[in-house]
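> pasting the sequence and the predicted coordinates here, then a few questions.
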Amino acid sequence: MLKKIIFMGTPFFAVPILKSLYQNGYPISVVYTQPPQKSQRGQKINKSPVQGISETLNLEFRTPVSLKNNKEEYEYLKELNADIAIVVAYGQIIPKEMLTLTKKGFINIHASLLPKWRGAAPIQRSIMNLDKQTGISIMKIDEKLDAGSVCNSYKLDITDNENAEIISEKLSTLAAEKILDNIDDILENKMKFRDQFHKEATYANKIEKFEGKIDWNNSAENIIGKINGLYPSPGAWFLYNGERYKILKAEISNSTGNAGTVLDDYLEISCNDKSIKILEIQRQGKRSQNINEFMLGSQIKKGSNLNNA
């Protein structure tokens, strides 16, 4: 008998997992994704990436603003009587009363090695924390945030200068492959789930824009971690003459000087210990530029101090 599967997800990270299940013959009864959002200027309605691929694959999808106290969605899921729900970065908390509405529960693919980095921004936080390893965890959803029992985790090394976009793509590809190794055993009650070590839990709070501001009194390594962890959005930035500059790509150099000082004509900037060389930068309201192009018209000159700007 064919199984009924619910998929819940929203960003690009979730798309390869949905495609993997679909292309390998798993019947997706319905997809839940966040509703379309208006662009900043309000001129355009942006569908979620998961809605886009659902339309392409001709899958039924639903976009409730909230599941909380939502009788319509509760009754829909109850009537559907699905076997399992696969949740990947959906962006909504699933109410306790809904978690009983599938036979095998709600299974979450979380982008960290739980119990480390529970919460909204595990990839960014792991890079900003200078972790050398991350991964995915396949877990049951319960009432508490990312605290459910885990059946399997899969590790991924973070190499120097890999940013959040690159790691996100790698973890998404890994998850798309590994869900196929787990879903049948979960459906057939052959999978063992283990409780997390809750005392070791850390939390990856949502990224706030102000966190992107660079403090040049920090170490070069920590500043590179911020640049890579916050790429592409919201980005790591500094102010100069009242304008915001977002650093998109940089590398560590061994030069030294007073923190925040521009050391050469190609925007090498001293930090607390070493320095960083900026390779790609974006001036407020402008397109991104490589450093050679940027410096042709830049007002930021050798000897400028960005701590005082």
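Ah, there it is.

> okay, CA-based contacts and neighbour counts for the rest of this
Will do.

> show the average pLDDT along the lengthiest helix in the chain.
Assignment by DSSP state H gives helix 164-187 as the longest helix of the chain. Helix 164-187 shows a mean pLDDT of 98.

> what is that helix packed up against?
helix 15-23, helix 122-128, strand 133-140 (3 or more C-alpha pairs under 8 Å, 6 or more residues apart in numbering; DSSP states H and E).

> for that helix, which outside residues touch it?
Residues outside helix 164-187 that contact it (C-alpha atoms under 8 Å, 6 or more residues apart in numbering) are 13-14, 16-21, 83-84, 104, 109, 111, 123-124, 127, 135-136, 138, 156, 158, 191, 228-232.

> pull out the buried positions in it.
Buried residues in helix 164-187, counted by 16 or more other C-alpha atoms under 10 Å: 164-165, 167-168, 171-176, 178-179, 183, 186.

> and stretch 146-165, by the same measure?
146-154, 156, 158, 161-165.

> flag the least confident of those residues.
For the buried residues of stretch 146-165, the weakest pLDDT value sits at Asn161, with 87.

> got the contact list for the closest residue to that one other than its chain neighbours?
Once flanking residues are discounted, Asn161 sits nearest to Asn228: 6.7 Å by C-alpha to C-alpha, 6 or more residues apart in numbering. For Asn228, the contacting residues are 127-128, 161-164, 248-249, by C-alpha under 8 Å, 6+ apart.

> what's Asn228 sitting at in phi/psi?
When read as degrees, to the nearest 10, the backbone of Asn228 gives phi -70, psi -40.

> for stretch 206-225, what does the pLDDT average out to?
Per-residue scores along stretch 206-225 average to 96.

> any idea how far Lys44 lies from Gln37?
Here the criterion is C-alpha to C-alpha, to the nearest Å. By it, Lys44 lies 8 Å from Gln37.

> one more: Ser275?
40 Å.

> so which of these two has more stuff around it?
More crowded of Ser275 and Gln37, by other C-alpha atoms under 10 Å: Ser275, with 29 against 12.

> hey, what's the more buried one bridged with?
For Ser275, the beta-bridge partners under DSSP bridges are Ser253, Ser270.
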